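Engineer: 3D, please:
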Amino acid sequence: MKKITLLSLIFCAFLGIASAQNSYWVFFTDKQNTTFDPYQYFDTKAIERYALNGADLYDITNYPVNGEYALAVENASEELIGTSRWLNAAGVMATEEQIAVIRQFPFVAGIQMIASDMEIVSEPETEIVAKSVKNYSAQIDIHKGLMFRQHNITGKGVRIAVFDAGFPDVDTHPAFKHMRDNNQIIKTWNFAKKKENVYLANSHGRMVLSCIGGKISDTTWLGMAPDAQYLLARTEINTEPKKEEVWWVQALEWADQNGADIVNSSLGYGKQRYLLKHMDGKTSMVAKAANTAARKGILICNSMGNEGDDKEWKMLITPADADSILSVGGVYSIDNLTEFSSFGPTADGRMKPNVVAMGHCWVAGEKGNFTDAYGTSFSSPMTAGFAACVKQLHPEYTAWQLKTEIEKSGNHYPYFDYAYGYGVPQADYFFPKERKTDNSKYIVLKEDDSYLYLIPTSDTLEGAEIFYKIVNGDGTIQDYNQTNFSTNYETGKVSSKRIRRDGIIGQTVEVWCNGQYLTYKLGTDQAPQADSTVSENSQSLRGGIIFNKGELSTPANDIYTRKYKTTYKFSTVLNFSFMLPSMWSPNGNIWTCDRISHGLTFAFDNSWRLARPYALGFRIGFGSSWYAAESPTFVNPLDAYPTEMMDIKVVKNNIKVTKFDLELVNRFILGYAGKEWWYLDAGIFGEWNTGSRYKILTERGNETNTHIVKKYLNDGQYGLQMNRLDYGVRLRMGITRRFAIYGQYRISNLLKVKNTGTPDFPKWEIGIQLF
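Structural biologist: Model (predicted):
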């Protein structure tokens, strides 16, 4: 009866996991009985922005949600995370049973589970002191940003909202002293804690903010917009990943209310909850909210993501897939893409990224120091600072004009590809009288029946970067490449590049080199005929893309449509565990710290990922468990002690059981840690107990005595005998190929008890697993 009850409790525990709380958007049918006064709700700058962009202050999306609807949903769920005016929805934490009830409310139009695990798109940083910074200007110089400063364009009068995981030390760090002195931080709000203090938690926000407007000194700047106004919003907290999408949307509405012209978001969602096909700018609520913000005159700069070297993903993350925002990739320098910068296009074929900027920046670090940091987390705020300068220079620009003109300022424009977008925005584009133009022809096109040739006009072009692409009739890119001219050492001349014409008739070839832009429609346009000398001194352009003087393949064209690929992971693991209660006694198990029962197992872990959030696995292991015994009273003392027992101290007194272990698991993918998975395993295990022995180690004065009885529990001595097989259930949480913690309960008895009342060995076990 006890076993049945225990099994029922375990079943209920697993059922509880299955019906655990999740976060959901609950969408309402209408906004009946709501009122709205935009002149009471909006900041003056917001009203001015609406007028400039032709947006409607009385648009229904600005009206609040129906309070009665929100209250009813709150009462029916575990928690109301928050509401969204723009989405006409409430974000809630609820169980599946509660959602089933909410779904029946007549004012509920639909329900959607919320993606969890907002991703901070940055790489580890290296702490340095300010005096060590020697190349701080590279992140500004790549934009020719000094030109803004020379014209006293510093973002003044432009309001920028920054969404991040926290802004510790911004209220004390010298990089932001000018902001504090001039009251440039207009408002702050911590959406996670529902209070104003954002100067805590994750340092990522501090680093990001410094890339927009931070200073090392009055003459040494980290960002291009030190004089802008700022709204700081904390929208992420590690312990509450299922609520972050709601907070991000709420922060965007808050930024709209408080007059933001520009929003920087170095955050996003990718493979944690979405499939590649969802990166279409229409599926995620954050992408929908981003497009709504654009219609209201806000320019959003969002990181593309750091998935470029992730073979499972490679593509952009949302909301970078939103149509009307600037999605920003990362470079190390002009025409030198970082290996981690995510690629476009969107799942529905739209061009992304829009532009790129430095993905390796100097940023504000801890304790007043400065930090060397990597990631598209920093290319996005560099672009936001650039945008603020353009907005100050051209306050008449609408959000769409601002976005378009920044794209046109890209160093590759009008050339575009899915790695660089239009390239790095250039400040001199906005000062045409001072802009140096180069109309030189670096490349001429020739052709024959088989190839189109790109012929350098000078041998000085050795090493010059060449970008080319083949564009389909619908504007999508079939193929694209980055390479450079190189010298043919037999002839001593720079070799031409050739593109095979077969199979691409009707498509357009576009080429960019040193500012020269060429187009050629195959089958329609004509170029001069190439002679045999050109053909002999040429190299193929097709066959991969070259970045950073190494090979980095672009995503396959079918990446958005191919079926999910099963992923197999194998690893060896070492488990170390403790049993509960900690000591065995024939009179009842004891909780004590005197001597602790423990185990050690070596195992092989295997798993097959069958869907994005789910995997199946099994584990084979071999190890031992040492069950600490209270005293030697349960055995024949003469067997354990051949001498008198007076003044004897028991140092060790345990039963060792050796076993083979087989476990079958259901693995639930909770999130990602780099290229590994955060996971939860729920499984069953069986053990074959191959042998045992009893060991007592005693001390009497200077004398140490060890007594071992092998196969002690296999022969039934003293009324005890061990079962050969046992089984139980196991839960485990951790990161694949790194570490995990686990707990298990052995359902079956390990001991066959002849004398009634003798308890089994401890059944509960907790432990840590190392890979």
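Engineer: and whichever strand or helix holds Trp678, what does it pack onto?
Structural biologist: Assigned by DSSP states H and E, Trp678 belongs to strand 676-700. With contacts taken as 3 or more CB pairs under 8 Å, 6 or more residues apart in numbering; DSSP states H and E, strand 676-700 sits against helix 2-18, strand 614-628, strand 649-673, strand 703-710, strand 725-735, strand 739-746. Every residue, glycine included, has its C-beta placed from N, CA and C.
Engineer: okay, now Pro414: neighbour count?
Structural biologist: 12 (other CB atoms under 10 Å).
Engineer: Can you give me the pLDDT of the closest residue to it other than its chain neighbours?
Structural biologist: Nearest non-adjacent residue to Pro414, counting by CB to CB, 6 or more residues apart in numbering: Tyr517, 6.2 Å away. In this model, Tyr517 is scored at 94, pLDDT.
Engineer: ok, and what's touching the host helix or strand of Tyr517?
Structural biologist: For Tyr517, the host element (DSSP H and E) is strand 516-521. Contacts with strand 516-521, where a contact means CB atoms under 8 Å, 6 or more residues apart in numbering, come from 414-415, 440-443, 445, 452, 506-512, 527.
Engineer: could you pull out the helices for the stretch 51-200 of the chain?
Structural biologist: For the stretch 51-200 of the chain, the helices defined by DSSP state H, counting those that start in this stretch occupy 67-76, 96-102, 138-141, 146-150, 177-181.
Engineer: coming back round to it: show me what the strand holding Tyr517 pairs with in its sheet, parallel or antiparallel.
Structural biologist: Strand 516-521 has its sheet partners listed here by DSSP bridges as strand 508-513 (antiparallel).
Engineer: what's the distance between Phe370 and Gly385?
Structural biologist: 17 Å (CB to CB, to the nearest Å).
Engineer: Please list all residues in contact with Asp321.
Structural biologist: Contact partners of Asp321, counting by CB under 8 Å, 6+ apart, are 279-281, 284, 287, 327, 346-347, 350, 352.
Engineer: any low-confidence regions in the stretch 601-750 of the chain?
Structural biologist: Where the stretch 601-750 of the chain drops to pLDDT under 70, the residues are 610-613, 631-651, 671-675, 698-720.
Engineer: Quick check: mean pLDDT of stretch 213-223?
Structural biologist: Mean pLDDT, computed over stretch 213-223, is 95.
Engineer: Revised request: answer the last question for stretch 192-199.
Structural biologist: 95.
Engineer: Can you mark which positions in that stretch are buried?
Structural biologist: For stretch 192-199, the neighbour count (16 or more other CB atoms under 10 Å) marks 192, 198-199 as buried.
Engineer: and Val573, what element?
Structural biologist: Val573 belongs to strand 567-580 when assigned by DSSP H and E.
Engineer: just to revisit the earlier point, who wins for proximity to His598 among the helices of the stretch 51-200 of the chain?
Structural biologist: helix 96-102 (39.0 Å; CB to CB).
Engineer: which helices and strands does that closest one pack with?
Structural biologist: Contact partners of helix 96-102 among helices and strands, from 3+ CB pairs under 8 Å, 6+ apart: strand 22-28, helix 67-76, strand 108-113.
Engineer: Let's see that with 10 Å instead.
Structural biologist: In terms of contacts (3 or more CB pairs under 10 Å, 6 or more residues apart in numbering; DSSP states H and E), helix 96-102 is packed against strand 22-28, helix 67-76, strand 89-94, strand 108-113.
Engineer: Direction included, what does the last one pair against?
Structural biologist: Next to strand 108-113 in the sheet, as set by DSSP bridges, lie strand 22-28 (antiparallel).
Engineer: neighbours of Thr44, just the number please.
Structural biologist: 9.
Engineer: quick one: it from Asn183, how far?
Structural biologist: To Asn183, Thr44 is 16 Å away according to CB to CB.
Engineer: Which among the contacts of strand 516-521 count as buried?
Structural biologist: 415, 442-443, 445, 452, 507-512.
Engineer: Show me which pair in these is furthest apart.
Structural biologist: Tyr442 and Gln507 (23.1 Å).
Engineer: quick one: which of Phe370 and Gly385 has more around it?
Structural biologist: The residue with more neighbours, out of Phe370 and Gly385, is Gly385; 33 against 28, by other CB under 10 Å.
Engineer: helix/strand/coil for that one?
Structural biologist: Secondary structure for Gly385, judged by DSSP: H, G, I helix; E, B strand; the rest coil, is helix.
Engineer: My read is that it contacts Lys215, right?
Structural biologist: No: between Gly385 and Lys215 there is no contact under CB atoms under 10 Å: 11.9 Å.
Engineer: Identify the contacts common to these two.
Structural biologist: Common neighbours of Gly385 and Lys215, counting by CB atoms under 10 Å, 6 or more residues apart in numbering, are 221-223, 226.
Engineer: Closest to Arg595 out of the residues you listed?
Structural biologist: Nearest to Arg595 among the shared contacts of Gly385 and Lys215: Leu222, at 58.2 Å, using CB to CB.
Engineer: In contact with that closest one, which residues?
Structural biologist: Neighbour list for Leu222: 133, 136-137, 139-140, 175, 207, 209-216, 361-364, 370, 378, 381-382, 385 [criterion: CB under 10 Å, 6+ apart].
Engineer: Can you turn the buried part of these into a ChimeraX selection?
Structural biologist: This is the ChimeraX syntax for the buried subset of these, where burial follows 16+ other CB under 10 Å:
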select :133,136,139,140,175,207,209,210,211,212,213,214,215,216,361,362,363,364,370,378,381,382,385
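Engineer: Strands - which of the contacts of Leu222 land there?
Structural biologist: Using DSSP state E, the subset of the contacts of Leu222 located in strands is 361-364, 370.
Engineer: With pLDDT added, can I get these in TSV?
Structural biologist: Output for these, formatted as TSV (pLDDT from 0 to 100):
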residue	pLDDT
Cys361	95
Trp362	94
Val363	95
Ala364	95
Phe370	93
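Engineer: Poorly predicted segments of the stretch 51-200 of the chain, please.
Structural biologist: 115-134.
Engineer: can you do 90?
Structural biologist: Where the stretch 51-200 of the chain drops to pLDDT under 90, the residues are 113-137.
Engineer: pretty sure Ile466 is touching Ile499, no?
Structural biologist: No: assessed by CB under 10 Å, Ile466 is found out of contact with Ile499, at 11.0 Å.
Engineer: hmm, back to that, okay, the angle between the strand holding Trp678 and strand 725-735?
Structural biologist: Note on geometry: by axes from the mean of the first three to the mean of the last three CA atoms, to 10 degrees, strand 676-700 and strand 725-735 are set 130 degrees apart in direction.
Engineer: Show me what strand 676-700 pairs with in its sheet, parallel or antiparallel.
Structural biologist: Strand 676-700 has these partner strands in its sheet, going by DSSP bridges: strand 649-673 (antiparallel), strand 703-710 (antiparallel), strand 725-735 (antiparallel).
Engineer: Could you pull up the contacting residues of His143?
Structural biologist: Each residue near His143 by CB under 10 Å, 6+ apart is listed here: 224, 334, 355, 357-358, 382-383, 385-386, 389, 409, 411, 424-429.
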